[in-house]
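> with the input below, show me the fold.
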Amino acid sequence: MKYYVVHTYTKQEKKVKDILLKTIEQQNLSHLFGKKQNEDGSEEYNIIVPVEHITKFKKGKAAPEAEERKLYPGYLIVQMEANEESLNLVNSIPGVTHILGSKKQPLPLDEKEVEVIVEQIESGSKKLRPEIPFNKGEPVKVTNGPFMGFSGTVEEIYPDRRRIKVIVTIFGRATPIDLDFFEVQAI
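Numbering: from 1, shown residues only. Predicted coordinates:
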């Protein structure tokens, strides 16, 4: 069985996946869709919503929060036999716009493409990647600590440490200060 890309409305990916799973079972079409073996020995349909896990700073909160971000918003990857029955089933799901390729002959993904996507998902699940809320050269205002109220420009970003170097003007001199992400906000 090959993998196909299903285009959905944005932010409908998980809903489409859930409805597709229910519909496959209700219509007894499990033989047309690929399954994968989980670590605990159970099987599940190979329908992938590509996501990564990031840490994100929310306004007003000092500590970062874990969040899921879609790698390819509006897309699912489905392993299936591409025949009239399976294509009609997938296209009939509310929220699905189309399967990539032509209507009668969808375009399958290359095995290497699927491996890369699965690797991205797995590496993102193992290590939370911090979201970088600032860009180099961006004006910011210090909101916490001894330099509170000063404005400056982002000089360096250290995403793994969740810190930035900001150049502020103190007594007419450009002075670099090292701050946590939560101690500054974009202007």
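> so where is this protein shaky, pLDDT-wise?
57-64, 124-131 (pLDDT under 70).
> so what are the domain limits for it?
Domain assignment of the chain by automatic domain parsing yields the ranges 2-130, 139-186.
> could you pull out the helices for the protein?
Taking DSSP state H to define them, one finds helices in the chain at 13-26, 84-92, 111-126.
> what angle do the second one and helix 13-26 make?
It stands for helix 84-92. Here helix 84-92 runs at an angle of 140 degrees relative to helix 13-26 (axes from the mean of the first three to the mean of the last three C-alpha atoms, to 10 degrees).
> any buried residues in helix 84-92, and which?
86-87, 89-90 (16 or more other C-beta atoms under 10 Å). (Each C-beta comes from the backbone N, C-alpha and C, glycine too.)
> what's the span of stretch 146-157, first residue to last?
End-to-end span of stretch 146-157 (C-alpha to C-alpha, to the nearest Å): 20 Å.
> cool, stretch 137-145 as well?
In stretch 137-145, first residue to last residue: 21 Å (C-alpha to C-alpha).
> just how off-centre is stretch 41-60 within its chain?
Remark: stretch 41-60 is offset 7 Å from the chain centroid, using C-alpha atoms, centre = their mean, to the nearest Å.
> now stretch 156-165
For stretch 156-165, the distance to the chain centre is 21 Å (C-alpha atoms, centre = their mean).
> check which residues of that stretch are buried.
Residues of stretch 156-165 classed as buried by neighbour count (16+ other C-beta under 10 Å): 157, 162, 164-165.
> please, where are all the strands along the chain?
For the chain, the strands defined by DSSP state E cover 2-8, 35-37, 43-45, 47-48, 51-56, 65-70, 75-80, 96-99, 129-130, 139-142, 151-158, 163-170, 173-180, 184-186.
> just checking, what packs against the fourth one?
In terms of contact count using 3 or more C-beta pairs under 8 Å, 6 or more residues apart in numbering; DSSP states H and E, strand 47-48 is assigned the packing partners helix 13-26, strand 75-80, helix 111-126.
> let me know the closest of the buried residues of helix 84-92 to Lys104.
Nearest to Lys104 among the buried residues of helix 84-92 is Leu87, at 8.2 Å by C-beta to C-beta.
> surely that closest one meets Pro106?
Yes. Contact between Leu87 and Pro106 holds when scored by C-beta atoms under 8 Å: they sit 6.8 Å apart.
> overlap in contacts of those two?
Common contacts of Leu87 and Pro106, defined by C-beta atoms under 8 Å, 6 or more residues apart in numbering, comprise Ile99.
> can you count the residues close to the closest residue to Tyr3 other than its chain neighbours?
In space, and not counting its chain neighbours, Tyr3 is closest to Leu109: 4.3 Å by C-beta to C-beta, 6 or more residues apart in numbering. By other C-beta atoms under 10 Å, 18 other residues sit near Leu109.
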